[in-house]
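[1] next one to model:
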Amino acid sequence: MKVVILGLGYVGSTAACCIASEGHQVIGVDVSAKKVDAINSGVMPILENGLDEMLSQALAVGLLSARTEIGDALQGADLAMVCVGTPSTPDGSHNMSFIADVSRQIAQVVKRDSLPRFTVAYRSTIRPGTTEELIAPIFRSILDAPAEDHVDIVYNPEFLREGSAIHDYFHPPKIVIGTVDGKPNAAMSMLNANIDASVFLTRYKEAEITKFVDNSWHAVKIAFANEVGRTCLNAGISAKKVHEIFVSDTKLNISPYYLRPGGAFGGSCLPKDVRALQYIGADTGSNLHLIDSLLRSNEAHKHMIFEHATRDVSAGAKLLLVGLAFKAGTDDLRESPNVDLARKILHAGYALDVFDPAVKADMLIGANLGYAFSQLPTLERLLVSNEHAQSTTYDRIIVANATSEQLELTGDTPLVDIGALQ
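    Just a heads-up that it's a prediction; the model follows:
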């Protein structure tokens with residue numbers, strides 16, 4: 001393939017050398033003459049282990065060159081890869097001016113030279129909606145036609161780490177390809193043919209938000225580890241040993257569990273232990289701002305779930321809540337978010353039935369009994385049988401957990417599954 005890379009910073013320079021090493025013809029474009037001259041003379045403008053050698057090899061066989069203007073570089077190109085910067089603005093948003101400028105330049109060349117259809121892949125970090133709301137309209141305005149009539153626009157986020165960029169290029173944690181219809185793109189398939197990684201084909205917005213989700217999660221992990229670390233330090237506990245124990249658990253701690261968007265957390269352990277860690281942090285002067293925010297975030301999520309479950313349903317409507325306990329198949333109502341949801345529904349003026357065959361109002365004891373009736377004094381009246389639920393007409397059915405597997409949901413009653421936000 002012939003690949004044109006626009007923007008020769010960290011991402012662009014790495015991509016240029018790696019792509020050329022696979023035998024593709026690469027032309028790099030950057031406004032910095034100093035950067036372009038350095039690359040053409042065999043000197044990488046960035047310090048990254050192994051790139052100088054790859055650059056020298058690519059130059060020696062004539063597979064890589066650089067220039068300051070697009071010119072005729074796009075003639076015969078199969079793929080243009082946009083790697084320009086998107087720096088932060090004072091309000092925290094990304095500066096899209098470089099993205100807009102390079103998109104405009106590509107579109108102008110396509111129109112000027114009547115270029116045949118090719119792929120334009122964006123690797124720069126951009127906010128969700130940028131492709132559809134900024135990039136595609138720029139092409140449309142210049143070409144007087146929808147962008148897809150002339151180019152295939154792709155969003156393809158990168159997952160490079162400084163110091164291991166070459167390895168990360170050829171061994172990424174995943175490959176994400178965002179297209180207008182979520183279908184494969186031939187040029188991207190060819191580009192990634194020799195890379196062994198899971199490939200996710202999706203639409204633009206899901207691909208665009210990927211880096212924000214990943215990097216924010218990485219920040220959460222670092223902040224969490226550091227809050228635990230300073231608590232251990234202040235309490236005279238070995239943070240190293242605690243870390244060793246924590247990461248050894250790959251079934252729950254380091255795994256996909258608890259990471260699917262859905263219901264709020266609750267039950268007899270998580271809220272109680274978070275509050276206890278808050279107390280330990282305060283008692284030792286550790287200032288656990290992330291931990292302190294967990295319960296507030298969870299309460300906010302509970303309210304969002306209520307609004308989501310009752311959206312467009314008028315007060316007085318008849319609702320069925322399927323699953324009251326914290327976990328299906330148990331009768332543990334202690335701090336169950338589903339109990340909170342039932343309470344909010346009743347307070348908002350809805351008529352409510354609850355189906356959860358594992359919960360027997362007359363069998364609850366101890367703290368479970370106390371919590372249930374303090375939150376839902378009319379619990380015994382709310383609980384209904386399978387037969388009652390099947391024979392009653394509801395305006396909406398709200399599925400809170402896997403208890404739904406014990407109820408045959410039939411008919412066309414609107415259903416909201418709060419256990420899996422889609």
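[2] what residues sit buried inside the one helix or strand V120 maps to?
    Assignment of secondary structure by DSSP states H and E places V120 within strand 118-122. Judged by neighbour count using 16 or more other Cβ atoms under 10 Å, the buried positions of strand 118-122 are F118, T119, V120, A121, Y122. (Glycine included, C-beta is placed from N, CA and C.)
[3] dump the residue contacts of the nearest residue to the second one once chain neighbours are set aside.
    Pointing back at T119 there. Once flanking residues are discounted, T119 sits nearest to A187: 4.0 Å by Cβ to Cβ, 6 or more residues apart in numbering. By Cβ atoms under 8 Å, 6 or more residues apart in numbering, A187 lies in contact with M1, D78, L79, F118, T119, A121, D152, V154.
[4] please repeat the previous calculation with a cut-off of 10 Å.
    Shown in contact with A187 (Cβ atoms under 10 Å, 6 or more residues apart in numbering): 1, 3, 77-81, 118-121, 152, 154.
[5] from D292, how far out is N401?
    As for N401, its distance to D292 is 28 Å (criterion: Cβ to Cβ, to the nearest Å).
[6] neighbour count winner among these two?
    Between N401 and D292, counting by other Cβ atoms under 10 Å, N401 is the more crowded of the two (24 against 15).
[7] same list (the contacts of A187) but as a markdown table, adding distance to T393.
    Converted to a markdown table, the contacts of A187 look like this (distance: Cβ to Cβ, whole Å):
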| residue | distance to T393 |
| --- | --- |
| M1 | 61 |
| V3 | 61 |
| A77 | 61 |
| D78 | 59 |
| L79 | 57 |
| A80 | 58 |
| M81 | 57 |
| F118 | 57 |
| T119 | 53 |
| V120 | 53 |
| A121 | 52 |
| D152 | 50 |
| V154 | 48 |
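[8] reformat those as JSON lines; add pLDDT.
    As requested, the contacts of A187 are exported to JSON lines (pLDDT from 0 to 100):
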{"residue": "M1", "pLDDT": "97"}
{"residue": "V3", "pLDDT": "98"}
{"residue": "A77", "pLDDT": "97"}
{"residue": "D78", "pLDDT": "98"}
{"residue": "L79", "pLDDT": "98"}
{"residue": "A80", "pLDDT": "98"}
{"residue": "M81", "pLDDT": "98"}
{"residue": "F118", "pLDDT": "97"}
{"residue": "T119", "pLDDT": "98"}
{"residue": "V120", "pLDDT": "98"}
{"residue": "A121", "pLDDT": "98"}
{"residue": "D152", "pLDDT": "97"}
{"residue": "V154", "pLDDT": "98"}
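[9] so which of those is the closest to D168?
    Of all the contacts of A187, D168 sits closest to M81, with 16.1 Å by Cβ to Cβ.
[10] please identify the helix or strand for that closest one.
    Taking DSSP H and E as the definition, M81 sits inside strand 79-82.
[11] same deal with P157?
    Using DSSP H and E, no helix or strand contains P157.
[12] any stretches of the stretch 301-422 of the chain with poor pLDDT?
    410, 420-422 (pLDDT under 70).
[13] where exactly do the helices run in it?
    Under the criterion DSSP state H, counting those that start in this stretch, the stretch 301-422 of the chain contains helices at 337-347, 366-375, 379-382, 386-391.
[14] for those helices, which one sits closest to L320?
    Closest of those to L320 is helix 386-391, at 6.0 Å (criterion: Cβ to Cβ).
[15] for the closest one, name the packing helices and strands.
    Counting contacts by 3 or more Cβ pairs under 10 Å, 6 or more residues apart in numbering; DSSP states H and E, helix 386-391 packs against strand 318-322, strand 351-355.
[16] what would those strands look like in JSON lines with distance to S248 and mean neighbour count?
    JSON lines is the format used below for these (distance: least, Cβ to Cβ, whole Å; neighbours: other Cβ atoms under 10 Å):
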{"stretch": "strand 318-322", "distance to S248": "37", "mean neighbour count": "23"}
{"stretch": "strand 351-355", "distance to S248": "40", "mean neighbour count": "21"}
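[17] right, so of these, which gets closest to P172?
    With Cβ to Cβ as the criterion, P172 lies closest to strand 318-322 of the helices and strands packed on helix 386-391, at 40.5 Å.
[18] mind checking how far that closest one is from the chain centre?
    Distance, stretch centre to chain centre, for strand 318-322: 31 Å (Cα atoms, centre = their mean, to the nearest Å).
[19] cool, stretch 32-47 as well?
    Distance of stretch 32-47 from the chain centroid (Cα atoms, centre = their mean) equals 35 Å.
[20] ditto for stretch 31-39
    On the basis of Cα atoms, centre = their mean, stretch 31-39 sits 35 Å off its chain's mean C-alpha point.
[21] adding distance to A66, write the helices and strands packed on helix 386-391 out as CSV.
    Shown next, in CSV, are the helices and strands packed on helix 386-391 (distance: least, Cβ to Cβ, whole Å):
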stretch, distance to A66
strand 318-322, 61
strand 351-355, 66
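[22] let me know which of these is the nearest to T210.
    strand 318-322 (32.8 Å).
[23] paired strands for the closest one, with orientation please.
    Sheet pairing for strand 318-322, assigned by DSSP bridges, gives strand 351-355 (parallel), strand 396-399 (parallel).
[24] of these, which is nearest T310?
    Counting by Cβ to Cβ, T310 lies closest to strand 396-399 out of those; the figure is 7.6 Å.
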